[in-house]
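Trainee: fold the following and give me the result.
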Amino acid sequence: MGSKNCPETPRQKMIGMMYLFLTAMLALNVSADILAGFRLVNKSLRESTIIETNKNDALLGQFEDLYNQNKDKVGAWLDKAKLVREHTAELYKHIDELKLEIVRVADGKNADVDNIKNEGNLDAASQVTLGAEKKGEILVKKINEFSKTMQGFVDPDSITMSTIAQTLSTAPEKGLTGEDVPWINSRFQMMPVSAAVAMLTKIQYDIRNIEGLTIEYLKNQVDASDYRVNKIDAVVIPESKYVMQNGKYKARIALVALDTTKVPEIFVAGTKLTSTNGEYERICNALGSQSYEGYILLPQRDGSTMRRPFKIDYMVGPQTVTISADKMNVFYAGIDNEVSISVPGLASANLNASMSNGTITRSGNEWVARPARIGQECIITVTAKMEDGKIQEMGKKPFRVKMLPAPIALIKYTNKGGNAMKYKGNGTSILKADLLTTTGLMAELEDADIDVRFTVLSFDLNIPSPLGISVEPSDGASFTNKQMTYMRGLARNSKFFLSRIKAKGPDGVERTLPPLEVNVN
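Mentor: As a prediction, this is how the structure comes out:
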């Protein structure tokens with residue numbers, strides 16, 4: 001090791017440069033599957049944001065309708081709602097500009113946020129948000145200002161107030177070793193461009209959601225009696241507008257702002273309902289678009305009767321089945337894949353399932369699928385026992401079968417607080433005192449939604465020296481006595497390398513894992 005009294009030799013410098021180069025290559029190795037996942041998340045968030053925007057447009061339109069009915073009472077609240085929209089649009093636009101700037105750093109001046117070429121670039125997001133211009137700090141400031149402004153529109157003790165504060169919080173978060181990590185660093189430091197763009201889209205969805213909550217709150221502050229009673233309409237509230245064949249349609253028919261001292265009479269297709277609370281149901285035998293209409297009679301103070309007609313459309317569809325993997329949209333070969341199967345209106349005990357290219361078995365109310373061959377599609381078929389005792393096929397769904405992904409190697413240790421920790425390398429360091437508490441290596445999937453146990457079979461500890469690198473092997477997951485003796489003698493700011501790490505998963509496949517560089521502080 002180099003020091004003031006013992007300078008590094010050219011060979012040691014070359015070895016150090018090789019470590020740095022390998023670490024950089026490992027950091028840049030963002031898999032195509034992960035990047036594809038970020039694209040799907042971003043697409044889903046954008047679609048959800050559009051839905052939220054449309055809902056807010058409709059809500060504001062309802063607000064304006066109320067204003068047209070009573071301008072004096074509604075005007076002040078509507079003005080506040082419009083201010084909410086202006087502040088939201090301003091922050092939304094700023095985030096769009098930040099997205100484009102990050103993508104331009106990665107792809108050049110002709111970059112397109114909807115078609116990112118260098119999705120795995122790990123520098124662009126950090127450069128824009130944490131660089132000299134500190135665009136990340138500007139974003140945090142704008143989010144905090146937006147949060148404070150929205151909170152100013154609502155009651156301090158309201159649920160809406162706490163929702164705004166929690167959703168838009170930019171407080172530091174706990175890192176893997178328990179230290180406080182700034183909000184902007186946890187989201188954008190060393191993040192692939194596609195991940196950073198998805199994160200910004202998530203923030204846009206959050207502010208659209210807060211916009212809707214705030215406008216809804218303001219709308220509810222208008223005294224209902226000032227405008228609802230002046231416009232009485234019949235309403236039909238169905239439990240669902242989509243009904244399975246042979247299922248039952250159920251709805252509530254009532255008047256808005258109904259006077260509880262006067263009981264209305266409700267007629268459907270010329271027949272008066274016997275229910276006093278407006279409940280109505282009918283058997284749905286025919287498929288397709290259906291409708292019914294009627295009217296409500298309400299006695300007035302002057303002895304006259306108010307009549308309000310209504311008409312409702314609904315759709316009757318065939319029986320459907322829901323088959324979903326609980327944790328992902330693919331099956332992994334060699335392990336149990338949890339699956340949820342349900343059919344609206346049918347008990348789980350009346351359902352049965354079969355699967356091609358593998359087996360599927362019931363586990364309580366859940367199901368476990370175990371595919372056989374990788375690359376060959378699995379098709380799950382669900383049947384149900386109907387009330388008449390007949391067995392009816394409810395639907396099918398295909399699933400792709402993939403090999404279980406490779407895990408990464410971690411060092412298990414206990415920190416001074418007695419907490420079990422995991423060291424992943426990635427340029428970070430570990431205290432020597434913590435390192436000496438280790439019981440060995442473990443292997444697990446990184447950022448995965450499946451809980452899979454891997455067993456470390458063997459690994460090598462590479463010891464750098466002026467003469468080169470010597471290797472000390474271990475035939476299991478634990479560090480050997482020789483390896484522990486070496487680690488006890490390490491000086492501050494030392495490093496060593498774990499390589500040829502072999503692990504086996506429940507699928508029985510033995511894998512060689514990426515090397516792990518250990519920096520000792």
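Trainee: is it true that residue 190 touches residue 124?
Mentor: No - with contacts counted by Cβ atoms under 8 Å, residue 190 stays clear of residue 124, the gap being 10.7 Å. (Each C-beta comes from the backbone N, C-alpha and C, glycine too.)
Trainee: neighbour-wise, which of the two wins?
Mentor: Set residue 190 next to residue 124 and count neighbours by other Cβ atoms under 10 Å: residue 124 wins out with 24 against 14.
Trainee: just checking, the more buried one touches residue 100?
Mentor: No - counting by Cβ under 8 Å, residue 124 sits too far from residue 100 to count as a contact (11.3 Å).
Trainee: dump the residue contacts of residue 268.
Mentor: Residues in contact with residue 268 (Cβ atoms under 8 Å, 6 or more residues apart in numbering) are 253, 280, 292, 293, 294.
Trainee: would you mind measuring from it to residue 207?
Mentor: Residue 268 is 44 Å from residue 207, where distance means Cβ to Cβ, to the nearest Å.
Trainee: confirm residue 235 sits in a strand?
Mentor: Yes - Residue 235 forms part of a strand when assessed by DSSP: H, G, I helix; E, B strand; the rest coil.
Trainee: how far away is it from residue 77?
Mentor: 23 Å.
Trainee: so the two - more neighbours on which side?
Mentor: Shown here are residue 235 and residue 77; by other Cβ under 10 Å, residue 77 has more neighbours (19 against 16).
Trainee: ok but that one is inside a helix, no?
Mentor: Yes - counting by three-state DSSP, residue 77 is found in a helix.
Trainee: now do the same contact list for it.
Mentor: Listed by Cβ under 8 Å, 6+ apart, the contact partners of residue 77 are 63, 218, 219, 221, 222.
Trainee: what's the closest of these to residue 86?
Mentor: Looking at those and their distance to residue 86, the nearest is residue 218, at 13.7 Å (Cβ to Cβ).
Trainee: thought residue 434 was touching residue 415, still the case?
Mentor: Yes - here residue 415 reaches residue 434: they are 5.6 Å apart, a contact under Cβ under 8 Å.
Trainee: please parse this protein into its domains.
Mentor: Domain assignment for the chain by automatic domain parsing gives 27-226, 232-317, 322-402, 406-520.
Trainee: would TSV of these with mean pLDDT be doable?
Mentor: Output for the domains of the chain, formatted as TSV (pLDDT from 0 to 100):
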stretch	mean pLDDT
domain 27-226	89
domain 232-317	74
domain 322-402	86
domain 406-520	90
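Trainee: now do stretch 282-299: distance to the chain's middle.
Mentor: Relative to its chain's centre, stretch 282-299 lies at 39 Å (Cα atoms, centre = their mean, to the nearest Å).
Trainee: how about it: buried residues?
Mentor: Residues of stretch 282-299 classed as buried under the neighbour-count rule (16 or more other Cβ atoms under 10 Å) are 284, 290, 292, 294, 295, 296, 298.
Trainee: likewise stretch 164-178?
Mentor: Using 16+ other Cβ under 10 Å as the test for burial, stretch 164-178 gives 164, 168, 170, 177.
Trainee: same deal with stretch 417-425?
Mentor: Applying 16+ other Cβ under 10 Å to stretch 417-425 flags 421, 423, 425 as buried.
Trainee: out of those, list just those in strands.
Mentor: 421, 423 (DSSP state E).
Trainee: export the buried residues of stretch 417-425 as JSON lines, with columns for distance to residue 466.
Mentor: Below are the buried residues of stretch 417-425 laid out as JSON lines (distance: Cβ to Cβ, whole Å):
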{"residue": "421", "distance to residue 466": "33"}
{"residue": "423", "distance to residue 466": "27"}
{"residue": "425", "distance to residue 466": "24"}
